[in-house]
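Undergrad: sequence plus predicted model, see below.
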Amino acid sequence: MPNGPADRGVAVFLHGGDYDRLHQGAAIAAAAAAADRPVELFFFWWALARLAEGGLARPEFPGRPDADEVAHRFEARGWPTAAALLASARETGRCRVHACSASLEMLGLRPDAVEGFVDSILGWSAILARTAGVVDRFYL
């Protein structure tokens, strides 16, 4: 039974490839890891494609009329990118990043496309086992 916040894990499931979703997931991971909580970050589908492309370092908001303004604000105010937030979370040693094996296959990506970005490639049986009992789950 958990004794307090440091014992409670956090699971973040990233599905959409929109930058705002990825940034939010990385921010959750960074905040939880900084609070001494273990974090499991899972990348699926379009989020996984963006990760494999190195797209967490580029604040882009296609389709939004104010996309350039928001991207400029990111840069001008020195806000950390999703890549920087994820790096911060991982540097604590409390954040593990995983790729969904089926998503990788469906996207036509080889495992080496995410090498260096993830700690492991897992299927749903392993994902369910890793997140059993985790109460704080975020789906983005």
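TA: The structure has been received and is ready for your questions.

Undergrad: doesn't Arg37 make contact with Cys95?
TA: No - counting by CB atoms under 8 Å, no contact exists between Cys95 and Arg37, whose distance comes to 9.4 Å. In this view, the C-beta of every residue, glycine as well, is placed from N, C-alpha and C.

Undergrad: tell me which element Leu22 falls in.
TA: Taking DSSP states H and E as the criterion, Leu22 maps to helix 19-34.

Undergrad: now do the buried residues in that helix.
TA: Neighbour counts over helix 19-34 (16 or more other CB atoms under 10 Å) mark 19, 21-30, 32-33 as buried.

Undergrad: of those residues, closest to Cys100?
TA: Relative to Cys100, the closest of these is Gly25; by CB to CB it sits at 14.2 Å.

Undergrad: let me see the contact set for the closest one.
TA: Going by CB atoms under 8 Å, 6 or more residues apart in numbering, Gly25 touches Val12, Leu14, Leu41, Ala47, Ala82, Phe138, Leu140.

Undergrad: quick check: closest non-adjacent residue to the last one.
TA: Among residues not flanking Leu140 along the chain, Arg21 sits closest, at 4.2 Å (CB to CB, 6 or more residues apart in numbering).

Undergrad: from Phe13, how far out is that neighbour?
TA: Using CB to CB, to the nearest Å, we find Arg21 at a distance of 11 Å from Phe13.

Undergrad: any shared contact partners between these two?
TA: Applying CB under 8 Å, 6+ apart, one finds that Arg21 and Phe13 are jointly contacted by Leu140.

Undergrad: Cys95 and Arg37: which is more packed in?
TA: Cys95 (25 against 20; other CB atoms under 10 Å).

Undergrad: quick one: that one from Arg73, how far?
TA: In this structure, Cys95 lies at 26 Å from Arg73, with CB to CB as the measure.
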